[in-house]
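S.K.: what follows is a predicted protein model with its sequence.
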Amino acid sequence: MRRGEFSIATLLALILLTIASAPWSGQQNSNSYDPWLDYNEDGVIDVNELHRIADVYGSSGEPTRNVTVSRHVTSYVRFGASNISIPPLSNWMSETIPIDGYAKVTILIKASVGGGFVYWDLYACDDGGNEWLAEEVLGNTSNWVKTYDVMSQKVRIKIHNAYSNTITVDVAVYLMA
């Protein structure tokens, strides 16, 4: 008799465990990736994110308060690996860089001018395809950096080599929130 009761109890326990482990309607996990939960931005939500959540578990704050990280580079654009070669008496023009939604744009240009004359233009652009000259830098400056407040939707950089030898330039653009 004890064996029969044990078998029934075991069978009931297995049925209860099966029912308890089955997902309820609407509770199924689609396992879709959510980038807001990937804190270390490695493309995988794993135990590293759980560790980060455990560190702040129980903390509190104002959930409706906007957080703005200013003076933080949020995007970096670099053209032509590290060296762009510009033949004598010719130009190089970057592709259009979308800047809408950013607060500041920093442009860095390093040129091997060797005493020659080189100048570059910065163009502001809009979504309609219109471009206008924002600034022109003249002289034999080899290193140039300038930060602008964003006032358009896109920018382009054009470098003129007015020298009789080929020059190489390194152009980088930092976009800041």
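M.R.: That came in fine, so what should we check first? Values in this document were obtained by computation on a predicted structure and should not be read as measured data.
S.K.: pLDDT value on the residue nearest the centre of the chain, please?
M.R.: The structure's the chain has its C-alpha centroid closest to residue 75; by CA atoms, centre = their mean the separation is 4.4 Å. Confidence at residue 75, expressed as pLDDT, is 72.
S.K.: okay, and it sits in which element?
M.R.: Element membership for residue 75 (DSSP states H and E) is strand 73-78.
S.K.: that strand - contacts with which helices or strands?
M.R.: Counting by 3 or more CB pairs under 8 Å, 6 or more residues apart in numbering; DSSP states H and E, the packing neighbours recorded for strand 73-78 are strand 167-176. In this view, the C-beta of every residue, glycine as well, is placed from N, C-alpha and C.
S.K.: who does the strand it packs on touch, helix- and strand-wise?
M.R.: strand 73-78, strand 84-86, strand 104-112, strand 154-161.
S.K.: one step back: residues making contact with the strand holding residue 75?
M.R.: Residues outside strand 73-78 that contact it (CB atoms under 8 Å, 6 or more residues apart in numbering): 97, 102, 170-177.
S.K.: run the angle between it and strand 154-161 for me.
M.R.: Computed by axes from the mean of the first three to the mean of the last three CA atoms, to 10 degrees, the angle separating strand 73-78 from strand 154-161 equals 40 degrees.
S.K.: report the distance from the helix-or-strand element of the chain with minimal mean pLDDT to the chain centre.
M.R.: Least confident helix or strand of the chain, by mean pLDDT, DSSP states H and E, is strand 73-78 with a mean of 71. Centre-to-centre, strand 73-78 and its host chain are 7 Å apart (CA atoms, centre = their mean, to the nearest Å).
S.K.: what number of residues lie near residue 94?
M.R.: Applying other CB atoms under 10 Å, we find 19 residues neighbouring residue 94.
S.K.: pLDDT weak spots in this structure?
M.R.: 1, 21-31, 62-73, 80-82, 113-117, 139-141 (pLDDT under 70).
S.K.: look through this structure and tell me its longest helix.
M.R.: Criterion DSSP state H: the longest helix present in the chain is helix 2-21.
S.K.: pull out the buried residues from that helix.
M.R.: Counting neighbours by 16 or more other CB atoms under 10 Å, one finds that helix 2-21 has no buried residues.
S.K.: only alpha carbons, please: show the least confident helix or strand of the chain as PDB.
M.R.: Coordinates of each C-alpha in strand 73-78 appear next as PDB, following Å, rounded to 0.1, in the frame of the first residue of the first chain:
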ATOM      1  CA  VAL A  73      32.200  62.100 -28.000                       C
ATOM      2  CA  THR A  74      29.400  60.000 -29.300                       C
ATOM      3  CA  SER A  75      30.600  59.400 -32.800                       C
ATOM      4  CA  TYR A  76      33.900  59.400 -34.600                       C
ATOM      5  CA  VAL A  77      34.400  59.600 -38.400                       C
ATOM      6  CA  ARG A  78      37.800  59.100 -40.000                       C
END
